[in-house]
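show me the folded form of this:
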Amino acid sequence: MVICARTGAAGVHRHGRFPQKRRGCELANLLANIFGKSPVKPLEKHVGIAFRCTKQLNGFFRAVVAGKWDKAAEIRDAIAALEHEADDLKKEIRMHLPKSLFMPVPRQDLLELLLVQDKMANRTKDVSGVVMGRKLQIPKPIAKEFLTFVSRNVDAAKQARKSVRELDELFATGFRGAEVSMVESLIDELDKIETETDDLQASLRGSLFEIEDTLDPVTVIFLYQVIELTGEIADMAERVGRRLELLLSH
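As a prediction, this is how the structure comes out:
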């Protein structure tokens with residue numbers, strides 16, 4: 001008799017009554033040896049790191065607005081460390097995700113999800129690098145609006161993390177059942193947040209345009225770049241939702 005460590009199901013060896021259950025147990029044990037409880041757990045860990053990286057932007061820009069450049073530099077170092085951690089885990093997942101994986105979704109779709117998750121951390125590092133590199137001060141007339149914009153982009157990354165963290169349950173249910181409906185609702189909320197960040201970005205750009213003449217032209221160019229890079233965090237979060245929708249469609 002064969003006992004499956006994952007399900008507790010009993011089966012008869014080879015010529016017995018439950019050869020399919022036995023093979024399913026062997027596959028589950030193989031995946032557990034490689035990835036733990038499921039092959040999507042590392043992706044959940046990765047999106048958690050990416051969100052922690054992105055979340056640093058709230059404190060970073062509060063320090064920038066206050067002119068506390070030592071504090072901003074400290075947070076920038078934390079951002080760089082988290083982005084590096086996410087990048088290392090991304091490489092590890094790519095190396096060890098089996099090329100042939102018997103599960104409800106294609107391996108390539110998981111790798112594409114991993115890529116867009118990683119870009120949230122990348123954009124966070126990019127935008128903080130531009131600001132620190134030039135000691136770019138956010139003009140006071142738009143500072144409050146800018147911080148709101150940053151915060152909402154972080155919210156989008158948080159919602160992306162919340163959605164991806166359901167992957168393990170989706171995997172366990174074969175991407176079927178009530179879990180799918182719940183994830184779809186999370187993705188819908190993510191879409192709403194991303195749309196809001198688009199509106200905030202348009203408004204912020206308009207506010208910057210109104211005060212352009214009072215600023216150094218080069219500073220204006222970099223401020224627009226910072227706004228653009230920050231907005232891409234929500235864009236990447238929204239793409240996480242699109243990749244999840246693709247997984248749900250299989």
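
residue ranges with poor pLDDT in this protein?
1-39, 98-104, 250 (pLDDT under 70).

how is it carved up into domains?
1-36, 37-248 (automatic domain parsing).

deepest-packed of those domains, please.
domain 37-248 (a mean of 18; mean count of other C-beta atoms under 10 Å). C-beta: built from backbone N, CA, C; applies to glycine.

in this structure, what residue spans correspond to helices?
Ranges of helices in the chain, per DSSP state H, are 19-35, 41-65, 69-96, 107-134, 140-164, 167-172, 178-211, 217-248.

okay, angle between the fourth one and helix 140-164 too, please.
This means helix 107-134. For helix 107-134 against helix 140-164, the angle by axes from the mean of the first three to the mean of the last three C-alpha atoms, to 10 degrees is 160 degrees.

name the helices or strands packed onto helix 107-134?
helix 41-65, helix 69-96, helix 140-164, helix 217-248 (3 or more C-beta pairs under 8 Å, 6 or more residues apart in numbering; DSSP states H and E).

packing partners of the first one?
Pointing back at helix 41-65 there. For helix 41-65, the elements it packs on are helix 69-96, helix 107-134, helix 140-164, helix 167-172, helix 217-248, judged by 3+ C-beta pairs under 8 Å, 6+ apart.

turn those into TSV, including distance to residue 45.
Listed next are the helices and strands packed on helix 41-65 as TSV, based on distance: least, C-beta to C-beta, whole Å:
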stretch	distance to residue 45
helix 69-96	7
helix 107-134	10
helix 140-164	10
helix 167-172	11
helix 217-248	15
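
and of the ones you listed, who's closest to residue 55?
helix 140-164 (5.6 Å; C-beta to C-beta).

who's in contact with the closest residue to residue 136 other than its chain neighbours?
Using C-beta to C-beta, 6 or more residues apart in numbering and skipping the chain neighbours, the partner closest in space to residue 136 is residue 222 (5.6 Å). Contact partners of residue 222, counting by C-beta atoms under 8 Å, 6 or more residues apart in numbering, are 130, 134, 136.

residue 136 too?
Residue 136 makes contact with 64, 130, 219, 222, 223, 226 under the criterion C-beta under 8 Å, 6+ apart.

now those residues as CSV including distance to residue 153?
Converted to CSV, these look like this (distance: C-beta to C-beta, whole Å):
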residue, distance to residue 153
64, 15
130, 15
219, 21
222, 18
223, 16
226, 12
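
wait, residue 239 sits on residue 117?
No. Look at residue 239 against residue 117 with C-beta atoms under 8 Å: they stay out of range, at 9.2 Å.

out of the helices and strands packed on helix 107-134, flag the one nearest residue 105.
Nearest of these (C-beta to C-beta): helix 217-248, 4.9 Å.

quick check: residue 163 touching residue 244?
Yes. Because the distance of 5.7 Å satisfies C-beta under 8 Å, residue 163 is recorded as touching residue 244.

which residues do these two both contact?
Common contacts of residue 163 and residue 244, defined by C-beta under 8 Å, 6+ apart, comprise 183, 187.

distance of the spatially most central residue of the chain from residue 44?
Nearest to the geometric centre of the chain sits residue 117, at 3.6 Å (C-alpha atoms, centre = their mean). To residue 44, residue 117 is 10 Å away according to C-beta to C-beta, to the nearest Å.

shared neighbours, these two?
Shared contacts of residue 117 and residue 44, defined by C-beta under 8 Å, 6+ apart, comprise residue 164.

adding distance to residue 205, write the helices and strands packed on helix 107-134 out as CSV.
Shown next, in CSV, are these (distance: least, C-beta to C-beta, whole Å):
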stretch, distance to residue 205
helix 41-65, 17
helix 69-96, 23
helix 140-164, 10
helix 217-248, 6
